[in-house]
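Asks: Here's my sequence, what's the structure:
(chains A, B and C)
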Amino acid sequence: MADWYEARRYDVLVIGAGGAGLRAAIAAAEAGVKVGLVCKSLLGKAHTVMAEGGIAAALGNLDPNDNWEVHFADTMRGGQRINDYRMVEIFAKEAPERVYELERWGGLFDRTPEGKILQRPFGAHTYRRLCHVGDRTGLELIRTLQDRAVHSGVEVLMEVTLSRLLKDGDRIAGAFGYRREDGRFIAIGAKAVILATGGWGKVYKVTSNSWECTGDGCAMAYEAGAELMDMEMVQFHPTGMVWPPGVRGILVTEAVRGEGGILRNAKGERFMQTYDPKKLELSSRDVVSRSIYKEVEAGRGSPHGGAFLDVSHRGAEYIKKKLPSMYEQFLKLADVDITKGPMEVAPTIHYVMGGVRVAPGEGASTVPGLFAAGEVAAGLHGANRLGGNSLSDLVVFGKRAGEHAARYAKGVDGDPRIDDGQADEERRLLLRPFDSGSTENPYELHAELQEAMGTHAGIARTGEGLRAGLDKILSLQERAERMRAAGSLLYNPGWHACRDVRFMLILCEAIFRAAIERTESRGAHWRLDFPDQDAGWGRKNLVVQRGDRGMTVSTRSVPEVPPQLARLLEATA
Amino acid sequence: MTDATLHVFRGDKTGGDLRTYQVPVTEGMVVLDAIHYIQQHEDSTLACRWNCKAAKCGSCSAEVNGKPRLMCKTRLDQFMGSPVTVRPLAAFPLIKDLVTDVSWNYRVNQEIPPFTPARDDTGPWRMYPEDVDRMFEFRRCIECFLCQDVCHVLREHDGTSRYYGPRFMVRIAGLEMHPKDTVSRAHLLRGRGGIGFCNITKCCEEVCPEEIHITDNAIIPLKERVADEYFDPWRALLRAFRGRREPRGT
Amino acid sequence: MADQTASHSYAPEYPWWLQPIATVVILSAFALYSIWVAFQARGYVAPYLSPFYSPPVRVGAIPISPAWWVVWVPAGFRATCYYYRKAYYRSFFRDPVSCMIGESRRRYAGETAFPFILNNLHRFLLYLAIIVLAFLWRDTVAAFFFDGRFGVHLGSLVFLVNVVLLSGYTVGCHAFRHMVGGNLDCYSCARGGRVRYRLWQWVNPFNHQHAPWAWASLFSVAAADVYVRLLMAGVISDPKLF
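Replies: The predicted structure is shown next:
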């Protein structure tokens, strides 16, 4: 242990304090091990707070026919069957108990007149299934878990950025990074590490994600040798704000369409009648996103390149009651009164289905001692995530990862050794932007990588475009070695950006490499040169891993659904 | 395209002052956009907190033209071209530029006894809309700490050792009024919570971006509950006579 | 400027001082007027009993104006009222005079020490104020009867408006709201809980507009008394409407 960094030691280190990280930390602490929880922002600000619609769980409070089997089938079908059925089964079975647990911890959901938890309908869910609190379900979830965690003996380190997983031989030994406040380096020793760092929507310009979504966990896991899966699957939410420029990408909840919102093109045509005459606006997210995209491509887009979403026919009072935050958001930020006229919307990057490949049910990655839960983990959502499934994902698999990490940590003899050499190596990388030879502006590189992703890895992809995008990313990676930071280590956003860009470039490369390989269209992955689904690809997941000579891509077989579960898929198809 | 003039506080614990920046204005721009512009084009060391940029996380709190606000929700066009002054929250120790050390708030939260249902009451619960309706308002809080910043007890009277501040009165109200909670926090409120230091002058309500009626719906009802316990001889007599009817903890 | 830790205040462009000054002027004027009225020792002209003199109390042969036995109740009710507290802490004690405006006094005990800790007794003044209010309703009914016959004069309406405003103010009292239902945690489990929930809901709108009710009723009390006094002095007559 060296004296140039702050040293900490826990049994289990949880990285990320959104829903999954908090739930994992609680589970580990309750299992009786010493838990440290690290977050980049202040506690309670994680991207989970932005979840609006609700948490999907088959309670059957409104529709008694709903049960885990239907939820299982909906989720498998939504994911175009490249999900890991074992994860989906656990998920559908345990989500209701996790919701009731939130309530026992002080969470409050909207209620039915009979005093039960109220559930609302959502796209591609057969029944009314989303437990919610108005349009701020994520805030409720995070506040509940946050209060539970700080009273469970979890030690919270706020505003700490971790940038490297430390290893002792093959197994995990902890993580290394710095305090954002003053740039002090910190090495945290741990027997087990749980990644709960969320997604990487910030690799796109138009995104509903916050600045934190730079995919730290996934990039660190990659560098530590873990397998990443389904990296080509990136979800576009069909409706994000478009205008004014400052708000481009901010989410317009699916509930607008749930409440009867109608999509029209510049000619006033209800174009969803062409693309999905049955489900119309409430078709699945990938379909609606593609439809808007096609309309814009055909020259029928709105002035700022989107479509018009109109809910004003429901009347002012109804809208203010059912969609209060949407009403606020458009009135305050866009000068649009949605009770009087349409809003302009366009697809926005919302979620990544891919991530660290984990053992179903345990959250263990392919690196001993490294676990992952939530958006950073892959396997549950397959090629397309259903609305409301991400919040239940966080609590179901957060809990499981916490428990298994604690069990694993208890089985580890002695504390893993912190290798100061690894820490020093990372320190040098982190400090490189202060070298005299550094010239590149990290913000410019970030903008360029976003441009490359938007142009070449957007809704519509082609082999040619993807390869051009990959080239661009590889050249950016070279330039990124010369990123420049000014000033000191004291709360320095420009310096922080350098590390974020380095990580995001890894993820961009993974997205391109996987997307080039999957020569079919499935879920969120739409190839203009391969517009159809391919049965062969339907049996394969793509896996990205760090090799001796850079990034390698291989395939893994999708676990075969056993007959008794396969029947469920047929029965309700 | 016109330019906006921003005076932004730059400095750290050792001192600082306002520095002036010119930022090109685009339609619908908010103060946070301008700060980002400065970071990206003029000075990448300008520190500020932000997360969602949609008024949902409560990170980008600052004092804009003398009023505590969320920068992501404060449109530049409302200032009609006059200069905009952006300063950090003054009630908390400065770290750098627009970033302050708000960790005290998290320590306070840790002191508050958490939600505690009866041990044998494991649910699923029947809670009727009328039992929970009034608590949704308290749960709306995004912890931006603007109310803590504007509260004159914390800001002007070094109240952090004496009073938890409006945010945590809201938090405690949400716990105290929960139909399933079994713990009374009246003692805490009167003691370390320092509810008596609040003189209900309502500045907190004026700045709350979630429009929570902090004083009317949280603090005053709590003051009344404290009065039930400590300033009402009649009720004290009743209690002595009948004994407590509901289980009460600390 | 360099010392960020010291309290820094702003001088906003808007005239923040307007409201505190108005509050000081109006409340002081009302207090002076009340004292003057109480010294008058008379406040009745058939069928109107000035609200300052209701209920008419005489204690033995103590030779003071009957108003003194009564005015302390509404005065105390208002002095401990959560809304007026805000008003006078801001304007009289400048704690704070306006939001974000620096304060001059450094010692501050809020409502934790004498005298303001007494504000916690607001509820007891509410109980008494309700009794007084009952008398004012009686007086208002009386204001519609002229020599035993029902009638509506201008004064009747002045009294009606006054008592309605006073009732709105009283019903909106935070202590009242607490008493009728706010103190319950579980409406569905308490005895009579749902009735109390409905009561609590009913008083909420009054409570949320407590400040306007407070000012309106303050003016109406003064107006009712002025009306009585002008009649007593013969300056005006009391026009019959119906």
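Asks: Setting aside sequence neighbours, what's the nearest residue to residue A:523?
Replies: Using C-beta to C-beta, 6 or more residues apart in numbering or on different chains and skipping the chain neighbours, the partner closest in space to residue A:523 is residue A:383 (2.6 Å). (Glycine included, C-beta is placed from N, CA and C.)
Asks: I'd say that neighbour and residue A:520 touch.
Replies: No. When contacts are counted by C-beta atoms under 8 Å, residue A:383 is not listed as touching residue A:520 (10.2 Å).
Asks: which stretches of chain C have low pLDDT?
Replies: Along chain C, the parts satisfying pLDDT under 70 run over C:1-13, C:103-106.
Asks: need the strands for it, in chain order.
Replies: Taking DSSP state E as the test, the strands found in chain C are C:44-45, C:48-49, C:145-146, C:149-150.
Asks: Give me the number of neighbouring residues for the residue nearest to residue A:523.
Replies: Residue A:383: 27 surrounding residues under other C-beta atoms under 10 Å in any protein chain shown.
Asks: With the one 5 residues further on instead?
Replies: For residue A:388, the number of neighbouring residues by other C-beta under 10 Å comes to 28.
Asks: ok, now residue B:162?
Replies: Other residues within reach of residue B:162, judged by other C-beta under 10 Å, total 18.
Asks: Excluding chain neighbours, give the residue nearest to it in space.
Replies: Per C-beta to C-beta, 6+ apart, closest to residue B:162 is residue B:194, 4.5 Å.
Asks: Who are the contact partners of that neighbour?
Replies: The contact partners of residue B:194, taken as C-beta atoms under 8 Å, 6 or more residues apart in numbering or on different chains, are B:153, B:159, B:162-164, C:112.
Asks: near chain A, which residues of chain C show up?
Replies: Of all the residues in chain C, those in contact range of chain A (C-beta under 8 Å from any C-beta of the partner chain) are residue C:188.
Asks: Report the separation between the residue nearest to residue A:523 and residue A:540.
Replies: For residue A:383, the distance to residue A:540 equals 12 Å [C-beta to C-beta, to the nearest Å].
Asks: and for these two, which residues touch both?
Replies: Taking C-beta under 8 Å, 6+ apart as the contact rule, residue A:383 and residue A:540 both touch residue A:82.
Asks: Quick one: the helices in the stretch 1-150 of chain A, in order.
Replies: Secondary structure of the stretch 1-150 of chain A by DSSP state H, counting those that start in this stretch: the helices cover A:19-30, A:68-78, A:85-104, A:137-150.
Asks: and among those helices, the most buried is which?
Replies: Comparing these on average neighbours per residue, with mean count of other C-beta atoms under 10 Å in any protein chain shown, the densest one is helix A:19-30 at a mean of 31.
Asks: can you state the direction angle for it and helix A:85-104?
Replies: Orientation check (axes from the mean of the first three to the mean of the last three C-alpha atoms, to 10 degrees): helix A:19-30 against helix A:85-104 gives 80 degrees.
Asks: Return the list of helices and strands in contact with helix A:19-30.
Replies: Packed against helix A:19-30, as judged by 3 or more C-beta pairs under 8 Å, 6 or more residues apart in numbering or on different chains; DSSP states H and E, are the following elements: strand A:6-15, strand A:35-38, helix A:137-150, strand A:185-195, helix A:389-410.
Asks: Tabulate the ones you listed (CSV), appending distance to residue A:115 and mean pLDDT.
Replies: Output for the helices and strands packed on helix A:19-30, formatted as CSV (distance: least, C-beta to C-beta, whole Å; pLDDT from 0 to 100):
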stretch, distance to residue A:115, mean pLDDT
strand A:6-15, 35, 98
strand A:35-38, 34, 98
helix A:137-150, 18, 96
strand A:185-195, 36, 98
helix A:389-410, 22, 98
